[in-house]
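1. Need a 3D model of the sequence below.
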Amino acid sequence: MGGERPAHEPNMEIASQWWPEIENVWTPIGWKDHPLRFNVLYNGVLIGEPVRQRAWGQGVQLTFIPSTNGELPPARANTAPYALAKKDGGVGVQGWNDGATPVLWTEWRTNGLKLRTEIFGHVPGGGAVRSGREPLFAWVRLRILELETTRQGESSCFLVQINRPHVDTRMERDRNLVTRPAKAAYPLLLTLESSERGALLVEPDGKIRLGVALPAKNSVKFLSRGDDGGKFLHLETPRRKGAHADLLVPLLSQERAVFEQELKPGFDKALAQSDRFWAQGQASKARVETPEPLVNQAFRLSPKFAEVIAEVNPANGQYSLLSGSWHYEKLWTTPTSMNLTMILDLLGYHAEVEKYLEIFKAQQGTVRPPGGRYQLHAGYLSTPKTLTSIDWLSDHGAILHAICHHGLITGSQRFIEDWTPAILKACEFIRDARAMTGHGGVEGIMPSAVPTDAGVPLQAVWNDGWTYKGLVSAVRLLERSRHPRAEEFARLARDYKARFTQALREAAQRTSLWTDAQGGKHHFVPTALPGGGDLAHPFYLDTGPLFLVYSGLMEADDELMRAALLYFREGPNTHTYNLNGNWDQPICLRHELSSCEPCYSWNVYHSHQTGDRLRYLEGMYSLFAGALSRHTSIGCEHRGGIGGTLFSSCLPLDLARLAVIDDELNPEELHLLRLAPRAWLKADHQTKFERMPTEFGPVTLRFQLRKQGRQLAVVFKAKFREPPKKILLHVPPLESLREVVVNGQFMKAASGDVLSLR
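-> Residues are numbered from 1 along each chain as shown. Reported below is the predicted structural model:
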């Protein structure tokens, strides 16, 4: 269970045996920064629901049904909900076409045919979203991919069921993607009209609900099932490989002139235009290519998802990331800040990060921190009110860290000078909050405030961890800039850490005990001060003491951190963990993955710091295989719970980069290949991490085995702004290795050696 080490060094194939594919997945399809987006369920259902802009109009839900005879499916009763997941276990067959545009395909087999839908988003003209009110379309190609037999004169067809969006989303996997049949009927009358390119479904006011572009000799019919209001398009194609029909679906019904302007060029020209849009700027971005396709796919798609799950607000023109593509179309700033640091900045999307950070500068000081003793403060960084679900005090530190991380990773003097006043005010907020007295809690750390959606103000380690993380990032940036106040805030950070660790150790002596498998007794490590906090809630794992190593407040080899990790790896909950259970079961680590929210598997940063290679790779691969869809690479909040998010994408990308190019272990050193998986060391494949941003400057590393595994050939290039004092190359644990060649220079080496390149 949680405490067992893997028998072999993990890789994607092994980790995929630990973790069944995530159920109930939905994947966003759309356009960068558009405030609306489509979502495609695991079974191909296309949902266009204007969640944040319901007043704009009626959305649509389309179900694609391969059919052999064109007969309508039987009506479902309207008396009770039913779960889509019950049909096929909640897992379909999906993937992505090659190319710059994210084109999502879903496949079915029926009656000797392999059928596929291919879907991508598009806006007229194919340019950047400016107003936020541009029409958003989904182009859908339905085609025969393969056929086993051909019978003369036969044809094939798709039925396209047209509904109003009527699927409920939940955190619990057993109540997620539940349909409400009573709400399913599309509420407007639809009529089929012929068009120059095919056929149009028209609403009573003349707006177009969708259109069909059909090649010659194809046919389209509109069918209605009167008993339950079911509406269907019947699309017939010849029974031959490659035969297809194209649908154009606006998320909101469109005026005829707008619709026909988009329809006229057709699927292929719209895709070519989209490819040009998505390819812009890619030559300057980082690139990752390993021998494991699913790892590569996650790196390739995550920044695209981040920009699709974002918006420009039509009311004020402000750009912002969002936390989810459907259920969470608001902003939980703390976890979503990691999209900036661990996806976009990690992969060189620096202009995009600056665009999404700007809203926090505009909003600084406008929200009162979520705790009873706090007052409005000019330096407090928060979620803008237009996007808020619930304020967490941790948001301040997370935003401050994202700002300063960007300054450190880019070295942009323009950005640093522009943001320094906001950074100083943010540090002053921390100074002033820590100076509060008489609040009834531990003084010298952040007074009680809301740390999570539980909504209860606490002196939670989550709040202090993020606050400290942001403060020390600010200190490093100010020191790099030789700012005169850098030492002032450095003293503040040192005192903060001393006060916090003292309070944590004192509180740990008062918590209850638990017993390990060998009969040893251990105090629970507190999650809140001074009383310890709720030690049974799942957030104890996700937002509790394990976070303190990543935050910098504690070291991984500290006795308290070892005790906390032991509990989650080997404690009693590991014996009751249910792989198919909901998020709120008793908490533990399984294969180094959080049993609650995988995105908060902070334990892997303990293994990073201590150099525990097997545990590190076990956690990294569990995140790739168990927290992301292995079909579409989209993340989830909980396994089988809320999809369409990037929560779980951040850590595996960051960990994969640190395994190969590490500028975090020591602020003055650059470590190469320290925890690189053996799976990325191949004779027939060169692994590439190109143009990877670091605090020293962009780094390219390519490596490949040669001479039957006796030689490791490495290409290392860097454009340093601030050269590290040391560059250390860690020879991977391969017993066959005898030499390493770096940029043509030969060095004798053996498994486990550390070679100095500087």
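2. Compute the number of surrounding residues for the residue lying closest to T687 once chain neighbours are set aside.
-> Using C-beta to C-beta, 6 or more residues apart in numbering and skipping residues adjacent in sequence, the residue nearest T687 is W680, 4.4 Å away. No exception for glycine: its C-beta is placed from N, CA and C like everyone else's. As a burial measure, W680 scores 24 neighbours (other C-beta atoms under 10 Å).
3. Kindly report the same for R569.
-> Using other C-beta under 10 Å, R569 has 20 other residues around it.
4. give me the low-pLDDT residue ranges for the stretch 401-550 of the chain?
-> For the stretch 401-550 of the chain, no stretch has pLDDT under 70.
5. 90 instead?
-> 517-518 (pLDDT under 90).
6. ranges for the helices of it?
-> Assigned by DSSP state H, counting those that start in this stretch, the helices in the stretch 401-550 of the chain fall at 413-434, 461-480, 486-508, 539-542, 547-551.
7. Contacts for the helix or strand containing L658, please.
-> Here L658 sits within helix 650-660, counting by DSSP states H and E. By C-beta atoms under 8 Å, 6 or more residues apart in numbering, the residues outside helix 650-660 that reach it are 288, 295, 298-299, 302, 335, 338-339, 341-343, 346-347, 598-599, 601, 604, 608, 616-617, 619-620, 623-624, 627-628, 664, 672-677, 680, 687, 689, 692, 701.
8. Could you list which of these belong to helices?
-> Among the contacts of helix 650-660, the residues falling in helices (DSSP state H) are 295, 298-299, 302, 335, 338-339, 604, 608, 616-617, 619-620, 623-624.
9. what about the closest residue to L201 other than its chain neighbours, how many neighbours?
-> Nearest non-adjacent residue to L201, counting by C-beta to C-beta, 6+ apart: R209, 4.4 Å away. Residues lying near R209 (other C-beta under 10 Å) number 22.
10. R209 looks like it's in a strand, true?
-> Yes. With DSSP: H, G, I helix; E, B strand; the rest coil as the criterion, R209 is located in a strand.
11. what's near enough to touch it?
-> V60, I162, Y186, L188, L190, L201, V202, E203, P250, S253.
12. and the second one, helix, strand or coil?
-> Taking three-state DSSP as the rule, one finds I162 in the strand state.
13. does it really touch P187, like I thought?
-> No. At 11.2 Å, I162 does not count as touching P187 under the criterion of C-beta atoms under 8 Å.
14. Looking at these two, which is more packed in?
-> Per other C-beta under 10 Å, whichever of I162 and P187 has more neighbours is I162, with 22 against 10.
15. what sits against the more buried one?
-> V60, Q61, L62, Y186, L190, L201, R209, L210, K231, F232, L233.
16. average pLDDT across the helix holding L658?
-> When pLDDT is averaged over helix 650-660, the result is 98.
17. who does the host helix or strand of S274 touch, helix- and strand-wise?
-> If you go by DSSP H and E, S274 is part of helix 266-279. Packing partners of helix 266-279 (3 or more C-beta pairs under 8 Å, 6 or more residues apart in numbering; DSSP states H and E): strand 113-122, strand 137-147.
18. Now do the buried residues in that helix.
-> F267, A270, L271, Q273, S274, F277, W278 (16 or more other C-beta atoms under 10 Å).
19. The second one contacts W139, correct?
-> It stands for A270. Yes. Between A270 and W139 there is a contact at 5.5 Å, judged by C-beta under 8 Å.
20. Please list all residues in contact with S284.
-> Counting by C-beta under 8 Å, 6+ apart, S284 has contacts G348, R691.
21. where's it relative to L477, distance?
-> Distance of S284 to L477, given as C-beta to C-beta, to the nearest Å: 23 Å.
22. Let me know the secondary structure of the residue nearest to M171 when sequence neighbours are not counted.
-> Leaving aside its sequence neighbours, M171 sits nearest to G641 (C-beta to C-beta, 6+ apart; 4.5 Å). Recorded secondary structure, G641: coil (three-state DSSP).
23. next one: E260
-> Per three-state DSSP, E260 ends up helix.
24. Next up, the contacts around it.
-> Contacts of E260 by C-beta under 8 Å, 6+ apart are S195, I208.
25. just use 282 as the starting number from now, easier for me
-> Sure thing, new numbering starts at 282, so read that last one as E541.
26. Just the strands from the stretch 882-1031 of the chain, written as ranges.
-> Applying DSSP state E, counting those that start in this stretch to the stretch 882-1031 of the chain gives strands spanning 942-943, 950-953, 968-973, 980-987, 992-999, 1007-1011, 1020-1023, 1026-1029.
27. and of the ones you listed, who's closest to L1036?
-> Closest of these to L1036 is strand 1007-1011, at 4.5 Å (criterion: C-beta to C-beta).
28. in the closest one, what's buried?
-> I1008, L1009, L1010, H1011.
29. Just want to check the distance between the second one and H952.
-> So that's L1009. For L1009, the distance to H952 (C-beta to C-beta) stands at 5 Å.
30. Out of the helices and strands in the protein, which is least certain?
-> The helix or strand of the chain with the poorest confidence is strand 363-364; it has a mean of 42 (mean pLDDT, DSSP states H and E).
31. pLDDT wise, what is K367 at?
-> 43.
32. again, but for A361
-> 40.
33. how close does the nearest residue to L904 once chain neighbours are set aside sit to G408?
-> Nearest non-adjacent residue to L904, counting by C-beta to C-beta, 6+ apart: P933, 3.8 Å away. Distance, P933 to G408, using C-beta to C-beta: 33 Å.
34. Looking at those two, which one has more neighbours?
-> Between P933 and G408, counted using other C-beta under 10 Å, P933 has the larger neighbour count: 29 against 12.
35. Enumerate every residue touching the closest residue to L394 other than its chain neighbours.
-> Sequence neighbours aside, L428 is the residue nearest to L394 in space, at 5.2 Å (criterion: C-beta to C-beta, 6+ apart). Contacts for L428 (C-beta under 8 Å, 6+ apart) come out as G393, L394, K395, R520, R521, K522.
36. again, only using 10 Å
-> For L428, the contact set (C-beta atoms under 10 Å, 6 or more residues apart in numbering) comprises N392, G393, L394, K395, L396, E435, S437, R520, R521, K522, G523, A524.
37. And the furthest pair within those residues?
-> Longest span within those, C-beta to C-beta: N392 and G523, 17.4 Å.
38. Settle it for me: which of these two has more neighbours?
-> With neighbours defined as other C-beta under 10 Å, N392 and G523 compare such that N392 has more, 15 against 11.
39. wait, isn't the more buried one in contact with N350?
-> Yes. Under the criterion of C-beta atoms under 10 Å, N392 makes contact with N350 at 9.4 Å.
40. In stretch 878-889, which residues are buried?
-> Buried residues in stretch 878-889 (16+ other C-beta under 10 Å): E878, P879, C880, Y881, S882, W883, N884, V885, Y886, H887, S888, H889.
41. Any idea how far apart the tips of that stretch sit?
-> Start-to-end span of stretch 878-889 (C-alpha to C-alpha, to the nearest Å) is 20 Å.
42. That one: how far from the chain's middle?
-> Centre-to-centre, stretch 878-889 and its host chain are 15 Å apart (C-alpha atoms, centre = their mean, to the nearest Å).
43. State the number of residues packed around the closest residue to Q790 other than its chain neighbours.
-> Nearest residue to Q790, sequence neighbours excluded (C-beta to C-beta, 6+ apart): H804, at 6.7 Å. Residues contacting H804 under the criterion other C-beta under 10 Å number 18.
44. same deal with L533?
-> 17.
45. Provide a list of residues in contact with it.
-> Per C-beta under 10 Å, 6+ apart, neighbours of L533: 317, 329, 331, 334, 337-341, 416-417, 488, 490.
46. Specify which member of those is nearest to H686.
-> L317 (30.2 Å).
47. The closest one sits in which helix or strand?
-> Per DSSP H and E, there is no helix or strand for L317.
48. So it sits against I328, correct?
-> No. Shown here, L317 and I328 do not form a contact pair, counting by C-beta under 10 Å, at 11.5 Å.
49. Give me the common contacts of the two.
-> Joint contacts of L317 and I328 (C-beta under 10 Å, 6+ apart) are G340, L532.
50. ok, those two, which is more surrounded?
-> Each of L317 and I328 has its neighbours counted (other C-beta under 10 Å); L317 has more, 26 against 22.
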